[in-house]
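**Student:** this one's structure only:
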Ligand SMILES: O=C(O)C(=O)C[C@H](O)[C@H](O)COP(=O)(O)O
């Protein structure tokens with residue numbers, strides 16, 4: 001299960017307003033070479049969109065993002081998704097995340113939070129909001145004292161800085177909205193999303 005993300009160094013973080021866009025979005029990402037997606041629970045129809053992807057895009061590694069509550073964990077499990085991502089951890093959310101069989105990538109912003117997440121059983125965490133809390137320098141600095149914890153930075157990651165992160169030994173992936181923004185999805189600009197995906201994968205190949 002922890003190898004789930006090893007084939008995708010880049011995770012598009014998306015907010016889908018219209019579930020009818022979900023499959024075309026995944027197909028555009030896949031044409032661009034990306035086979036993983038994190039669909040956030042930020043929109044009203046997010047669960048419907050996730051269900052569409054699960055049904056029609058079996059090769060997509062499917063994550064649910066913006067998981068904030070125990071109820072979000074249960075709703076996400078019901079969709080048959082592969083992994084869960086949260087922007088942070090609270091005691092109640094942590095207990096619910098410890099109870100799931102799914103791969104969990106909890107949000108952390110400091111070394112202490114990363115250590116707490118590790119103690120709770122999570123050795124792959126997300127660093128959020130990465131750019132605002134120290135970026136690649138922060139992740140680089142914590143490698144020596146905490147080499148067993150690895151990070152997926154999100155928040156301020158773009159094609160121009162993604163390799164600052166991916167070149168570090170304790171980064172397993174980068175995530176972000178720049179590949180498939182809500183505006184591009186709503187405009188159904190699949191060509192632009194395919195190009196952004198391809199550019200990101202081409203960049204990742206040189207990390
Ligand atoms: O809500 C969540 O659970 C998230 O996953 C947060 C997102 O990862 C960031 O908001 C992405 O930030 P940008 O790529 O800078 O737009």
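**Tutor:** Thanks, I have the structure now. As the structure is a prediction and not an experimental result, all values here were calculated from the model. Numbers count the residues shown, from 1 in each chain.

**Student:** Going by C-alpha atoms from here, please, whenever you check contacts or count neighbours.
**Tutor:** Will do.

**Student:** Tell me if the top helix by length along the chain is near the ligand.
**Tutor:** Criterion DSSP state H: the longest helix present in the chain is helix 190-204. No - residues of helix 190-204 contacting the ligand under C-alpha under 6 Å from any ligand atom: none, with a closest distance of 12.9 Å.

**Student:** Check which helices and strands that helix sits against.
**Tutor:** Secondary-structure packing of helix 190-204 (3 or more C-alpha pairs under 8 Å, 6 or more residues apart in numbering; DSSP states H and E): strand 10-14, helix 22-31, helix 162-166, helix 182-186.

**Student:** what do you get if the cut-off is 7 Å, keeping everything else the same?
**Tutor:** Packing contacts for helix 190-204, counted by 3 or more C-alpha pairs under 7 Å, 6 or more residues apart in numbering; DSSP states H and E, involve helix 22-31.

**Student:** got the angle for the helix it packs on vs helix 190-204?
**Tutor:** 40 degrees (axes from the mean of the first three to the mean of the last three C-alpha atoms, to 10 degrees).

**Student:** average model confidence for the helix or strand following helix 22-31?
**Tutor:** Later in the chain than helix 22-31, the nearest helix or strand by DSSP states H and E is strand 36-40. What strand 36-40 shows for mean pLDDT is 98.

**Student:** Likewise for stretch 182-198?
**Tutor:** 98.

**Student:** Quick check, pLDDT for the closest residue in space to residue 182 that isn't next to it in sequence.
**Tutor:** The shortest distance from residue 182 to any non-neighbouring residue, by C-alpha to C-alpha, 6 or more residues apart in numbering, is to residue 15 (5.7 Å). pLDDT recorded at residue 15 is 98.

**Student:** Could you pull up the residues touching residue 15?
**Tutor:** Neighbouring residues of residue 15 by C-alpha atoms under 7 Å, 6 or more residues apart in numbering: 39-40, 42-43, 182.
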